[in-house]
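# Could you work out the structure for the sequence below:
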Amino acid sequence: MLSSSNGLNLTTMPYGGVGYEPKVLVAVFLYAARLGVHTLREIEKLCKYDLRFWFLTDGQVPDFTTLSRFRIRLMQ
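Numbers count the residues shown, from 1 in each chain. All right, here's what the predicted structure looks like:
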């Protein structure tokens, strides 16, 4: 189990890719909220097609389930 600087634990799985840095996902949520976008599927689209989000995520595109899991864990 990895620990990030903000106290969230990042688990490594035997499958899948490298996890997303929590501060990147927080930045995505904050910028999406600033733009008035709150649905996870819309945020996922922005990460795919909007250059500003692409820059924030360094070209990685988190899917809506990843965003959902992160938001749930962040609120706990």
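
# residues of stretch 29-47 that come out buried?
In terms of neighbour count (16 or more other C-beta atoms under 10 Å), stretch 29-47 has its buried residues at F29, Y31, A32, V37, L40, I43, E44, L46, C47. Glycine gets a C-beta too; all of them are placed from N, C-alpha and C.

# quick one: the fourth one and E44 touch, right?
What that stands for is V37. No - counting by C-beta atoms under 8 Å, V37 stays clear of E44, with 10.3 Å between them.

# Low-confidence regions, this structure specifically.
1-18 (pLDDT under 70).

# Which residue comes closest to the residue nearest the centre of it once chain neighbours are left out?
The chain has L25 as the residue nearest its centroid, 3.1 Å off, counting by C-alpha atoms, centre = their mean. Setting aside the residues directly before and after it, L25 is nearest to F70 in space (C-beta to C-beta, 6 or more residues apart in numbering), at 4.9 Å.

# What lies in contact with the helix or strand the one you found falls within?
Taking DSSP states H and E as the definition, F70 sits inside helix 64-75. Outside helix 64-75, the residues within contact range by C-beta atoms under 8 Å, 6 or more residues apart in numbering are L8, Y20, P22, L25, V26, V28, F29, L40, R41, I43, E44, P62.

# if we go to 7 Å?
The contact list for helix 64-75, computed with C-beta atoms under 7 Å, 6 or more residues apart in numbering, reads L8, Y20, L25, L40, R41, I43, E44.

# List the contacts of the second one.
Same thing as Y20. Y20 neighbours (C-beta under 7 Å, 6+ apart): Q60, P62, T66.

# Name the SS class of it, please.
coil (DSSP: H, G, I helix; E, B strand; the rest coil).

# quick one: it and G36, what's the gap?
To G36, Y20 is 23 Å away according to C-beta to C-beta, to the nearest Å.

# what does the last one give?
If you measure E44 against G36 using C-beta to C-beta, the figure is 16 Å.

# Strands of the protein, start to end?
Along the chain, counting by DSSP state E, strands occupy 2-3, 9-10.

# Any idea how many residues pack against G59?
Neighbours of G59 under the rule other C-beta atoms under 10 Å: 8.
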